[in-house]
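Colleague: Turn this into a model:
(2 chains)
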Amino acid sequence: MTLWRGIWAGIALIALGLTIFATVPAGWLWPPQAMHLPFAAWLSAGMKWLTDSAAIGPVTVKGLTRAFATLIEAPYEVVKVLLVDGITEGKGRRATTIIPPLSWVAVTVAAVALGHYARSIWLGLLAGALMAYLAIFGQWDSAMVTLASIAIAVPLGVVGGVVQGIAAWRWRWVERVLTPILDLMQTIPTFAFLVPILVLFGFGPVAALLATIIYAMPPMVRVTVVALRAVPSEIVDFANMAGCTPWQRMRKVMLPVALPDLMVGVNQVIMLSLNMVIIASMIGAGGLGADVLESLRRLNIGGGVEAGLAITALAVVLDRLSQAMSERVARSEPRKGNWWRRHPRTTIVLAVTLATGALGYLIPALQDWPKAWQITTKPFWSDLIAHINVNYFDQLEAVRVWFLETLLLPVKRFFLALPWPFLLAVLTLAGWRLGGLRLAALVLALGLFIAASGLWEQAMITVYLCGLSVVLAMVIGVPLGILAASNQTAGRIIGTVVDTLQTLPSFVYLIPVVMLFRVGDFSAMIAVVLFALVPAVKYTAHGLRSVPAELIEAGVVCGCTRGQILRKVRLPMAVPMILLGLNQTILLALSMLVITALVGTRDLGQEVYAALATADVGRGLVAGLAVAAIAIIADRLIGVAASRARAKLAAT
Amino acid sequence: MTERPVKLACRHVWKIYGPHPERLLAGGAVPTMEEIRQSDHVGAVRDVTLEVAEGEIFVIMGLSGSGKSTLVRCLSRLIEPTGGEILYDGEDLLKASPARMIEIRRHRMGMVFQHFALLPHLTVLENVAFPLEIQGMDRAAREARAREVVQLVGLQGREGNYPRQLSGGQQQRVGIARSLAVEPDLWFLDEPFSALDPLIRREMQEEFLRIQRQLKKTIIFITHDFDEAIRLADRIAIIKDGAVVQVATPEDLVLAPANDYVAAFTAHVTRSKVVTLGRLAVAGLPDSVAGTLPGAARIEEVAERIVSADAPFAVERDGQVIGHVTPAAVISVLIGRSA
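Modeller: Numbers count the residues shown, from 1 in each chain, chains lettered A, B, ... in the order given. The predicted structure is shown next:
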């Protein structure tokens, strides 16, 4: 052990020395041109073949994608008619509405009813208030476009995920095929999904929907497999002993028993869909995401903040409602009487819908919140930011410059000055020490892929920004987690804040940061830290809370002070959990980092973003895969470290 | 017991886990424990041959890891045995098609589980009616039948509750009711009372004997609790490392353990709980007896009467007097001096 500690310290010293003093020959600093393999060209050619000539039997892939698009488009149109367009006659400006879409009153009442059904009238009122907020602040139409996409993406994502999950549970080989694909899909940045979809399906809401579904499905697959596995073996035995056919066993026993766990997955699909629908505005999803994007591009501060708040409101409504649904306890006494007595809430919602639909012709305010009554906060936000920027510019600038000069630039120089064979060797050594030859080989292969992709510089910038953000997130997050775990009130407050932060789509984080610090690495870093903070706090608090009470009592009996219990009992026991939190923090940071390309970083994210703008599939995918490679290296190394730490604690 | 027809028989049943379990049994080989272990296999069930008679309570007793749960799952074919035959009313279950197996399980087998295995999303009544629902029985008929069995296990009034609203003992009553809803001939109980508190366990054992007196099923009962085995069993099979060590009535087991392993269990058993009058009876009749008692009665049940009468009793079996017992003999058993 001490030997290895010495070796690692030596390696760190050599690295520092190399970057400060040595002049490294060109081919050794970054991978030489001769090493580059034209991955991008290959992928582009493959994609071209796929779209132009590939066929499964008589059906071309192009035909297949078209058919698929139509399949999604039809229900999407229906939902859009319901929520946004209504039934109209004529086109464009001359269109006249025959039957209006659902009125804001009807949708708000439906949200209240859903909240009441899922938990309590208080949840209903919260949901209703947030929906009313959307109407009053003039975000209704955009919000409904976004909601329509989610209303289609979520059922498709859930059903697709459950079906794949069942297949993976049932057949070993399906799981073996799916697992690496799911791993890769969760580490590939969101933008990278968009490029091939853009090429296959073109620009527009359907392509955006498809990207959303593909992005949101993997967690549902995983949750389904885990939930089905968690069904007690005795219950499976019982189903067999009762003489169930395999179909009966799945439908009447396995799925109902697994339902509470599956609902957790549904919540995840909803939140991921929202996140992706916002990002997918880049390929034409429309709605609130498009508003944010537009504001960011034009630096329209007020508009951006307003759209961001609207997204937040929508996110909170969707998250709280779906969470409450998953925790809902079944009523033991079924209601009696005729249909409307048994379904009072559905009846009210239907009545309100019809009534506001009909009365809307006479009193337009019931249909659409009148423009004249809309409250806009745009000037307020613009003024506030302008005020801050005018009066506190020096202070803000000082902070920015300080961070840039003392932290960002030196670290960046360090990573860019590291010779690539040295870094690869160190990573491979770490892989070998932690997880044996297989892990070492994996790390080496992924590292060589990055080296051969010709994106070494961008990859190093990614590593530096991500690494620094993760360190900051941990430095802030772990103490917050400790505080949350040791003080009830603080725990509740931090919990609420963290939960809310978690529901926000990544896009939203960019808005305040850009407003205050303009574009650049520093803004990107703050956005990434904010976004990646959540797991650092959550896992630390969870790890500390789940230390067995017996151990703490043992500490108290030994005469430990509170500080000693924290340092000597709880923190060491929580190490595996904190490591898992670190792992999650890194993955989140990487995914956010790619999105910060919008605020002008020069890393792999920028590469993907540029590829998106030019619909260059090869370039986008290679950069995306390079990000995935970094993520997988970090994930595997830390994952192994965490499980080793856990094994060590279990053994003692 | 032997005169009753055999309901379930298993012959040379094996369950071996590992890379190539079938190779170990190829050509009718009978591998030893060492051979199995050395080839990186685990012998969960080894060469088990048993016969369970109709209407018998057959207890399979073993410590945790002895393979008793695997064995009962082989008998019901929830686990596919590596080799052997399982004959249910003469039909080899291992040769039955999946469809035939579903048919047999739907109508002729019931099983009670250690952790109840109730479906959390269904009420008591729906849980009990579930096996009937699977068969496609209509709602009215299956609920009527379910109400009958709920009554049988004494849970009337609880039909609308969900499992989480019931105590452990009540939940297992639901499990018992559910397994009886289809009126199976063969009833598997896999450690049904192990998860319950001692007092409740006692109560449930009584309840179980009451139900069995009424229904007279053929029962295979798994337990790790030797006292439970002795209380309930007509015959007990002791298993260790997946193999049967001894099959005998509780009385024979206690009085003549086959080896030290069995003796270790029986050493602390109160003799009066297992020894029957028939075993204690000596031939011939004294001049006067205080009465006649059945030979199958356990000493514990009749000791009070014999000792307080302070006179010998005649012992009869199948209507024939086979001898007599004296209070002194009974007392020796009670204080553990002889037998």
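
Colleague: Leaving out sequence neighbours, find the closest residue to the residue in the stretch 1-150 of chain A that chain B sits nearest to.
Modeller: Closest approach between the stretch 1-150 of chain A and chain B, counting by CB to the nearest CB: A:Ala118, at 16.9 Å. In short, each C-beta sits where N, CA and C put it, glycine included. Of all residues beyond its chain neighbours, the one nearest A:Ala118 is A:Ala324 (3.7 Å), with distances taken as CB to CB, 6 or more residues apart in numbering or on different chains.

Colleague: Check which helix or strand the one you found maps to.
Modeller: When secondary structure is defined using DSSP states H and E, the element that contains A:Ala324 is helix A:301-327.

Colleague: May I see the buried residues of that helix?
Modeller: A:301-326 (16 or more other CB atoms under 10 Å in any protein chain shown).

Colleague: Just give me the neighbour total for the residue of the stretch 1-150 of chain A closest to chain B.
Modeller: 19 (other CB atoms under 10 Å in any protein chain shown).

Colleague: Domain-wise, how is the chain divided?
Modeller: Went with chain A since none was named. Under the assignment automatic domain parsing, the domains of chain A span A:72-386, A:392-651.

Colleague: sorry, should have said chain B
Modeller: B:54-85+B:93-270, B:272-334.

Colleague: helix or strand right after the helix holding A:Ala324?
Modeller: Helices and strands here follow DSSP H and E; after helix A:301-327, the next one along the chain is helix A:339-342.

Colleague: Quick check: next helix or strand after that following helix?
Modeller: Towards the C-terminus, the helix or strand next in line after helix A:339-342, according to DSSP H and E, is helix A:344-359.

Colleague: Next up, the contacts around A:Leu501.
Modeller: Taking CB atoms under 8 Å, 6 or more residues apart in numbering or on different chains as the contact definition, A:Leu501 lies against A:530-531, A:533-534.

Colleague: again, but for A:Val269
Modeller: Taking CB under 8 Å, 6+ apart as the test, what A:Val269 contacts is A:154, A:157-158, A:161, A:216-217, A:219-220.

Colleague: Let's see that with 10 Å instead.
Modeller: A:150, A:153-158, A:160-161, A:212-213, A:215-220, A:223, A:322 (CB atoms under 10 Å, 6 or more residues apart in numbering or on different chains).

Colleague: So, low pLDDT: which residues of chain A?
Modeller: Low-confidence segments of chain A (pLDDT under 70): A:1, A:22, A:24, A:26-27, A:55, A:57, A:89-97, A:329-337, A:360, A:650-652.

Colleague: for it, what spans make up the strands?
Modeller: For chain A, the strands defined by DSSP state E occupy A:55-56, A:59-60, A:87-89, A:96-99.

Colleague: interface residues of the stretch 151-300 of chain A facing chain B?
Modeller: With the criterion set to CB under 10 Å from any CB of the partner chain, the stretch 151-300 of chain A comes near chain B through A:232-246, A:248-249, A:252-253, A:255-257, A:259-260.

Colleague: Check chain B for its longest helix and report it.
Modeller: When secondary structure is assigned using DSSP state H, the longest helix within chain B turns out to be helix B:198-215.

Colleague: Counting by contacts, list what that helix packs against.
Modeller: Helix B:198-215 makes packing contacts with strand B:57-61, helix B:139-152, helix B:168-180, strand B:186-190, strand B:218-223, helix B:226-232 when contacts are defined by 3 or more CB pairs under 10 Å, 6 or more residues apart in numbering or on different chains; DSSP states H and E.

Colleague: and those as JSON lines, adding mean pLDDT and mean neighbour count?
Modeller: Supplementary listing: these in JSON lines, determined by pLDDT from 0 to 100; neighbours: other CB atoms under 10 Å in any protein chain shown:
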{"stretch": "strand B:57-61", "mean pLDDT": "95", "mean neighbour count": "25"}
{"stretch": "helix B:139-152", "mean pLDDT": "93", "mean neighbour count": "17"}
{"stretch": "helix B:168-180", "mean pLDDT": "92", "mean neighbour count": "24"}
{"stretch": "strand B:186-190", "mean pLDDT": "94", "mean neighbour count": "23"}
{"stretch": "strand B:218-223", "mean pLDDT": "94", "mean neighbour count": "24"}
{"stretch": "helix B:226-232", "mean pLDDT": "91", "mean neighbour count": "21"}
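
Colleague: mind putting these in TSV, distance to chain A included?
Modeller: Written out in TSV, the entries for those read as follows (distance: least, CB to the nearest CB, whole Å):
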stretch	distance to chain A
strand B:57-61	16
helix B:139-152	12
helix B:168-180	8
strand B:186-190	8
strand B:218-223	13
helix B:226-232	19
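
Colleague: Burial check on the residue lying closest to A:Ala430 once chain neighbours are set aside, number of neighbours?
Modeller: Leaving aside its sequence neighbours, A:Ala430 sits nearest to A:Leu637 (CB to CB, 6+ apart; 6.0 Å). Residues within reach of A:Leu637, counting by other CB under 10 Å, total 21.

Colleague: what does chain A have sitting close to chain B?
Modeller: Residues of chain A that fall close to chain B, judged by CB under 10 Å from any CB: A:232-246, A:248-249, A:252-253, A:255-257, A:259-260, A:329-330, A:332-334.

Colleague: closest to A:Ala290 among the contacts of A:Leu501?
Modeller: For the contacts of A:Leu501, the closest approach to A:Ala290 (CB to CB) belongs to A:Phe531, at 20.9 Å.

Colleague: so what's A:Ala143 closest to, chain neighbours aside?
Modeller: Spatial nearest neighbour of A:Ala143, excluding adjacent residues (CB to CB, 6+ apart): A:Leu134 at 4.7 Å.

Colleague: Surely that neighbour touches A:Trp104?
Modeller: Yes - under the criterion of CB atoms under 10 Å, A:Leu134 is in contact with A:Trp104, at a separation of 8.0 Å.

Colleague: so what sits against both of the two?
Modeller: Taking CB under 10 Å, 6+ apart as the contact rule, the neighbours common to A:Leu134 and A:Trp104 are A:140-141, A:143-144, A:369.

Colleague: So which of those sit within helices?
Modeller: In this view, these that belong to helices under DSSP H are A:140-141, A:143-144.

Colleague: how far away is the residue lying closest to B:Val30 once chain neighbours are set aside from B:Asp190?
Modeller: Using CB to CB, 6+ apart and skipping residues adjacent in sequence, the residue nearest B:Val30 is B:Asp47, 6.2 Å away. Distance from B:Asp47 to B:Asp190, counting by CB to CB, to the nearest Å: 22 Å.

Colleague: With A:Val463 instead?
Modeller: Note on A:Val463: its distance to B:Asp190, by CB to CB, is 55 Å.

Colleague: Look at B:His121 and give its secondary structure.
Modeller: Remark: B:His121 carries the secondary structure label coil [criterion: DSSP: H, G, I helix; E, B strand; the rest coil].

Colleague: still on that earlier bit, ok, the residue nearest to A:Ala143 - contacts?
Modeller: With contacts taken as CB under 10 Å, 6+ apart, A:Leu134 has the following neighbours: A:104, A:107-108, A:140-144, A:147, A:288, A:309-310, A:313-314, A:317, A:369.

Colleague: Quick check: the two most widely separated of the residues you listed?
Modeller: In the contacts of A:Leu134, two members sit farther apart than any others by CB to CB. They are A:Val107 and A:Leu309, at 18.3 Å.

Colleague: so A:Thr65 touches A:Leu50, yeah?
Modeller: Yes - contact between A:Thr65 and A:Leu50 holds when scored by CB under 10 Å: they sit 9.2 Å apart.

Colleague: Quickly find the element holding B:Val245.
Modeller: Taking DSSP H and E as the definition, B:Val245 sits inside strand B:243-248.

Colleague: Tell me where chain B has strands.
Modeller: Ranges of strands within chain B are B:6-17, B:42-53, B:57-61, B:83-88, B:91-92, B:109-112, B:186-190, B:218-223, B:235-240, B:243-248, B:292-294, B:313-317, B:320-325, based on DSSP E.

Colleague: can you pull the buried residues of the second one?
Modeller: Of the residues in strand B:42-53, those buried under the neighbour-count criterion (16+ other CB under 10 Å) are B:43-48, B:50-53.
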